[in-house]
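A.B. asks: Kindly return the folded structure for what I paste below:
(2 chains)
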There are 2 protein chains.
Amino acid sequence: MPGPLEGVTVLSFAQHLAGPFCTMLLCDLGAEVIKIEPPGTGDPARRNFPFIEGISSYFLSINRGQESIPLNLRDERAKKLVFELVKQVDILVENYRPGVMKRLGFSYEVISKENPKIIYASISGFGQKGPYTLKPAFDMIAQGMGGTVSITGEPGRPPVRVGFSIGAGLFSAIAILAALHESQKSGKGQWIDVAMVDSQVALCENACARYFATGEIPKPLGSRHPLMTPFQVVPTKDGYMVLITVPEEDFQKFCNLAGRGDLISDSRFQSSKDRVANYEAFEPILNAITKTKTTAEWLTLLEQAEIMCGPVNNIAQVVNDPHIKERGMIAEVTHPRAGKLRVAGTPMKFSRTETEIKKACPDVGEHTAEILSRMLGMSSEYLEELRKGGVI
Amino acid sequence: MPGPLEGVTVLSFAQHLAGPFCTMLLCDLGAEVIKIEPPGTGDPARRNFPFIEGISSYFLSINRGQESIPLNLRDERAKKLVFELVKQVDILVENYRPGVMKRLGFSYEVISKENPKIIYASISGFGQKGPYTLKPAFDMIAQGMGGTVSITGEPGRPPVRVGFSIGAGLFSAIAILAALHESQKSGKGQWIDVAMVDSQVALCENACARYFATGEIPKPLGSRHPLMTPFQVVPTKDGYMVLITVPEEDFQKFCNLAGRGDLISDSRFQSSKDRVANYEAFEPILNAITKTKTTAEWLTLLEQAEIMCGPVNNIAQVVNDPHIKERGMIAEVTHPRAGKLRVAGTPMKFSRTETEIKKACPDVGEHTAEILSRMLGMSSEYLEELRKGGVI
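C.D. replies: Sure thing, here's the model as predicted:
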């Protein structure tokens, strides 16, 4: 059974990360994604190391299943091809800096004249409007400006980034599918504008909510939850684990399990709110308890007592975890040259329109002839002419 | 102009965070979200501090715009109401632990008999299948098990969490809208299964990709990018800023700007890859340079030189930033008792079906009479009877 977006076609001018992450989501769901790239080197992300048999693992991970047509967008013949292609697709995704698509002659205004029903999604650092619109940005800029860095890391230590670089790609996919739904009824497309910085602000909604309620600026708290404790990573005899005593009764269960029933009646630690308020006194007591046993010992005990807990897995442990494997979260794709390669799978599981991740990332131009002849009925002679002219 | 999901109706059994974050996204886009809650106290998240006029800011932030009907789901009359309501909605969202909806009599199997076209989304810690399916989880468990904690924070320091708790809600919204698209063609609904842990694995795709390519376990790197440097937070005379020297020529520009042209020819620092490999030698040199000027001085200089840079904003700076404001990223909602309240807005901007975030979160039962009379034609007498019986 094909994925739920079977039959949906996406023309992608996406490169680097945010755009391709969005088109990857659509592709994983069954959409056909045709990636337009500069002839020769293609998407700059193809040059990000490490490589497997010359294939960038960075590029592979977010471009699996997509199709590649290189086009020299400054050539008039290439421009004509784009205009022919946009007539036949449902969605266009681009993440150039604002203004670039317009300069290339592919603004929403122009493209929507060719295909009024097209959903045209622009992903950028700061969005298509606003004082910073023309500033360049990679994800790290957005994490810094959007507040994410300010609430991640240890108190009093240098700022850290979130270990992954994602936000705008997810919001863009949601916006695209919402607009696609609407266009089925109205017959009209529209222009979607998603900014990476805005996306970080949206992800920081809870920190914003706390600030709006109290006027206090949220700070990084290590692994602690801002409102509850224990709700965090704690040290064990041989490493770390996650411990959460919610609901409140679980804290009492935990104290009894640890042979520290005395803490239950300690007025400083009565409620989670008290423990947050008196965290400086609470932390050494908590850590001394959790350090008495190994992670494995604790997890067994805590699970028996039905107290919420879990390991802190590294990536090797994650990808080899039997549950993660059984969930299909490690997908195997087949590359014509490199053979079987692994990528992180999709967390979107469907009972009927099951999704499949089977194809690797394309080589630059791998699908040029196939797509241009299928979609535009192009002759092999003209293809050859374009190739010789450096257009494709 | 209403949002793109105007006319779409969602019945929500969502509580705490992941489920309501998903329904918030749909609601922001114009869907009507009817939230079923336990009578009296409602969603447990309503008790999370801090409060504004008795309203949990945590709850407000992710339940704005939604409608509330309290239902005692163990009462047969309430069950009957649910069966009537599901016939009239497009989407059902629930994030109970797997098995709970079935025990309540609302499994996908049962509900889809009442409404074969319904998109039924289950969000849970570990998913509906797999060895850990019945384990409980809040986001921190998923961040720990799914690899996120292992790649976030400083090297050699205790693990930290990502300062926000989001992932599954975003993937669920995408999956729901993809299934909604498919159901318009097939006339059939389906069951969606999104796990919080799976979602973290999917977000860690780049760390997984690096591990698959090299076999090396990705480690936390503070604020550094795993593949490039400078691509990180650096210290300045009065704080921190983000500095990114991509493409490679920008590093040379930066060295010249800093009066350290000598570094350009230093064989240890030739390429970004060299600087990553020799980071221990590179870091003190870089930090010594960036500490010579204030953040404001650097940002001016770097912007003039067209080198990518940005501030590290705290939440107060974020919500007061003119660009963030102009982007509509701070929405003002009106609460009947508390008046005007602020929440983080949506990063999904549409040219035609503009989204509006105007309504605050509902009180428990605020919409009971309105919805049950409008959707089910319920008489005020029967409403009163249900109320007296503790059903609503």
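A.B. asks: Buried residues of the lengthiest helix in chain A, list them for me.
C.D. replies: What stands out as the longest helix in chain A, according to DSSP state H, is helix A:168-186. Buried residues in helix A:168-186, counting neighbours by 16 or more other C-beta atoms under 10 Å in any protein chain shown, are found at A:168-183. Every residue, glycine included, has its C-beta placed from N, CA and C.
A.B. asks: hmm, it touching chain B?
C.D. replies: Yes: counting by C-beta under 8 Å from any C-beta of the partner chain, chain B is contacted by helix A:168-186 at A:168, A:170-175, A:177-182, A:184-185.
A.B. asks: For the stretch 1-150 of chain A, which segments count as strands?
C.D. replies: Remark: strands assigned in the stretch 1-150 of chain A by DSSP state E, counting those that start in this stretch are A:9-13, A:32-37, A:51-52, A:55-56, A:67-70, A:91-94, A:119-124.
A.B. asks: need the ones you listed in TSV with mean pLDDT, can you?
C.D. replies: Formatted as TSV, these follow (pLDDT from 0 to 100):
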stretch	mean pLDDT
strand A:9-13	98
strand A:32-37	98
strand A:51-52	96
strand A:55-56	97
strand A:67-70	98
strand A:91-94	98
strand A:119-124	98
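A.B. asks: gap between the nearest residue to A:Leu257 once chain neighbours are set aside and A:Leu299?
C.D. replies: Leaving aside its sequence neighbours, A:Leu257 sits nearest to A:Ala305 (C-beta to C-beta, 6 or more residues apart in numbering or on different chains; 5.4 Å). Distance of A:Ala305 to A:Leu299, given as C-beta to C-beta, to the nearest Å: 11 Å.
A.B. asks: Tell me which of the two has more neighbours.
C.D. replies: Remark: of A:Ala305 and A:Leu299, A:Leu299 carries more neighbours, 18 against 13, as counted by other C-beta atoms under 10 Å in any protein chain shown.
A.B. asks: before we move on, back to that, tabulate the strands of the stretch 1-150 of chain A in CSV, adding columns for mean neighbour count and distance to chain B.
C.D. replies: Shown next, in CSV, are these (neighbours: other C-beta atoms under 10 Å in any protein chain shown; distance: least, C-beta to the nearest C-beta, whole Å):
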stretch, mean neighbour count, distance to chain B
strand A:9-13, 24, 13
strand A:32-37, 24, 14
strand A:51-52, 18, 5
strand A:55-56, 20, 9
strand A:67-70, 24, 19
strand A:91-94, 26, 11
strand A:119-124, 28, 9
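A.B. asks: Redo the ones you listed as TSV? Include distance to B:Arg46.
C.D. replies: Shown next, in TSV, are those (distance: least, C-beta to C-beta, whole Å):
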stretch	distance to B:Arg46
strand A:9-13	40
strand A:32-37	42
strand A:51-52	49
strand A:55-56	47
strand A:67-70	48
strand A:91-94	38
strand A:119-124	35
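A.B. asks: what about the helices in the stretch 1-150 of chain A?
C.D. replies: Assigned by DSSP state H, counting those that start in this stretch, the helices in the stretch 1-150 of chain A fall at A:18-28, A:57-63, A:76-86, A:100-103, A:108-114, A:139-145.
A.B. asks: The stretch 251-392 of chain A too?
C.D. replies: A:272-277, A:279-290, A:295-304, A:315-320, A:322-326, A:368-376, A:380-388.
A.B. asks: For the stretch 1-150 of chain A, what lies in contact range of chain B?
C.D. replies: Counting by C-beta under 8 Å from any C-beta, the residues of the stretch 1-150 of chain A close to chain B are A:3-8, A:25, A:29-30, A:48-52, A:57-58, A:60-62, A:108, A:126-127, A:129-132, A:135-138, A:140-141, A:143-150.
A.B. asks: List only buried entries from those residues.
C.D. replies: The neighbour-count test (16+ other C-beta under 10 Å) marks A:3-6, A:8, A:25, A:29-30, A:48-52, A:57-58, A:60-62, A:108, A:126-127, A:130, A:132, A:135-138, A:140-141, A:143-150 as buried among those.
A.B. asks: Quickly note the distance from A:Leu203 to chain B.
C.D. replies: Per C-beta to the nearest C-beta, to the nearest Å, A:Leu203 is found 5 Å from chain B.
A.B. asks: quick one: secondary structure of the closest residue to that residue other than its chain neighbours?
C.D. replies: Counting by C-beta to C-beta, 6+ apart, B:Phe164 is the residue found nearest to A:Leu203 once chain neighbours are left out, at 4.8 Å. In three-state terms, and counting by DSSP: H, G, I helix; E, B strand; the rest coil, B:Phe164 is coil.
A.B. asks: and B:Phe164, what does it touch?
C.D. replies: By C-beta atoms under 8 Å, 6 or more residues apart in numbering or on different chains, the contact set of B:Phe164 is A:148, A:151, A:203-207.
A.B. asks: Show me the residues you listed that map onto helices.
C.D. replies: The helices, defined by DSSP H, take in A:203, A:205-207 from these.
A.B. asks: can you tell me which of those residues lies nearest to chain B?
C.D. replies: Of all those, chain B sits closest to A:Glu205, with 4.0 Å by C-beta to the nearest C-beta.
A.B. asks: Test my guess that A:Ala258 contacts A:Lys291.
C.D. replies: No: under the criterion of C-beta atoms under 8 Å, A:Ala258 is not in contact with A:Lys291, lying 11.0 Å apart.
A.B. asks: So for these two, which residue has more residues nearby?
C.D. replies: Legend: neighbour count by other C-beta under 10 Å for A:Ala258 and A:Lys291, higher for A:Ala258 (18 against 14).
A.B. asks: picking up where we left off before, among the ones in helices among the contacts of B:Phe164, who's most crowded?
C.D. replies: Counting by other C-beta under 10 Å, A:Leu203 has the largest number of neighbours within those, with 31 neighbours.
A.B. asks: Per-residue pLDDT of A:Pro226, please?
C.D. replies: Predicted confidence (pLDDT) for A:Pro226: 89.
A.B. asks: Give the residue spans of chain A that score low on pLDDT.
C.D. replies: Applying pLDDT under 70 to chain A flags residues A:1.
A.B. asks: Grab the nearest non-local neighbour of A:Gln252.
C.D. replies: A:Ile264 (5.1 Å).
A.B. asks: The one you found: how many residues sit nearby?
C.D. replies: A:Ile264 has 14 neighbours, counted by other C-beta under 10 Å.
A.B. asks: show me the contacts for it.
C.D. replies: Contacts of A:Ile264 (C-beta under 8 Å, 6+ apart): A:251-252, A:255-256.
A.B. asks: A:Asp321 too?
C.D. replies: By C-beta under 8 Å, 6+ apart, the residues touching A:Asp321 are A:313, B:145.
A.B. asks: Please report the distance of it from A:Met329.
C.D. replies: 9 Å.
A.B. asks: do A:Lys388 as well
C.D. replies: For A:Lys388, the distance to A:Met329 equals 45 Å [C-beta to C-beta].
A.B. asks: just A:Gln128 next, same as before
C.D. replies: Taking C-beta to C-beta as the measure, A:Gln128 falls 35 Å from A:Met329.
A.B. asks: Of those two, give the one with the bigger neighbour count.
C.D. replies: Between A:Gln128 and A:Met329, counted using other C-beta under 10 Å, the more crowded position is A:Met329 (27 against 19).
A.B. asks: In contact with that one, which residues?
C.D. replies: Here A:Met329 is in contact with A:344-345, A:347, B:198, B:201-202 (criterion: C-beta under 8 Å, 6+ apart).
A.B. asks: Thank you, goodbye.
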